[in-house]
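Colleague: give me a 3D structure for the following:
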Amino acid sequence: MAASTNIVQLPSGVSYQDLRHGDGEVVSEGKRVNIQWSLKRSNGYIIDSSANNDGVPFIFVVGCRDGCKQQQRAIKGLDEGIRGMKVGGIRRIVMPPSLTFVEGLEDGISPGPIPVGFGPKQRIQRVMKLRADVPDESFLLDVKPTRVQ
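Modeller: Residues are numbered from 1 along each chain as shown. Below is the predicted model:
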């Protein structure tokens, strides 16, 4: 299906645009989702992606917060921005730093997707520590749900 030109702005500051509409099952609260992803800075610089990690998807439970296993949680911006997508679609989610990697990045227990390598983690930390209060600084996350259960 064709892409949408509409940008949706959520109350939290997260915005998204569907680049391609899917035709599979809908992503909703409580569903376990597999996604392929690409994380970029607001200037388009690629930080990391599932393609750089042998195509291993990030798997999480939508809406999972307290009481869930660490590996089943997504960063808040992703958790909000992915809802309503269908399997096979592609969505660009724009997230302010405050809704991304605010906890546990160094020890690898942060909600994901967490880049594996040292370099990508350093690039995220640079934004979180040095540019978090810069207007229009944000993370872009292109996501494609590949499975919902």
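Colleague: where's G77, which helix or strand?
Modeller: In this structure, G77 sits in helix 76-81 according to DSSP states H and E.
Colleague: and the contacts of that helix?
Modeller: The contact list for helix 76-81, computed with Cβ atoms under 8 Å, 6 or more residues apart in numbering, reads 10, 12, 14-16, 60, 62-64, 73, 91, 93, 95-96, 99-100, 111, 113, 139, 141, 143. For the C-beta atoms, the positions are set from N, CA and C on the backbone; glycine is no exception.
Colleague: count residues in the vicinity of A51, would you?
Modeller: Per other Cβ atoms under 10 Å, the neighbour tally for A51 reads 12.
Colleague: what residues are up against it?
Modeller: Here A51 is in contact with 36, 38 (Cβ under 8 Å, 6+ apart).
Colleague: same thing with K144?
Modeller: Taking Cβ under 8 Å, 6+ apart as the test, what K144 contacts is 35-37, 88-91.
Colleague: for the closest residue to V102 other than its chain neighbours, which residues are in contact?
Modeller: Nearest residue to V102, sequence neighbours excluded (Cβ to Cβ, 6 or more residues apart in numbering): M128, at 7.4 Å. Counting by Cβ under 8 Å, 6+ apart, M128 touches 97, 100-102, 105.
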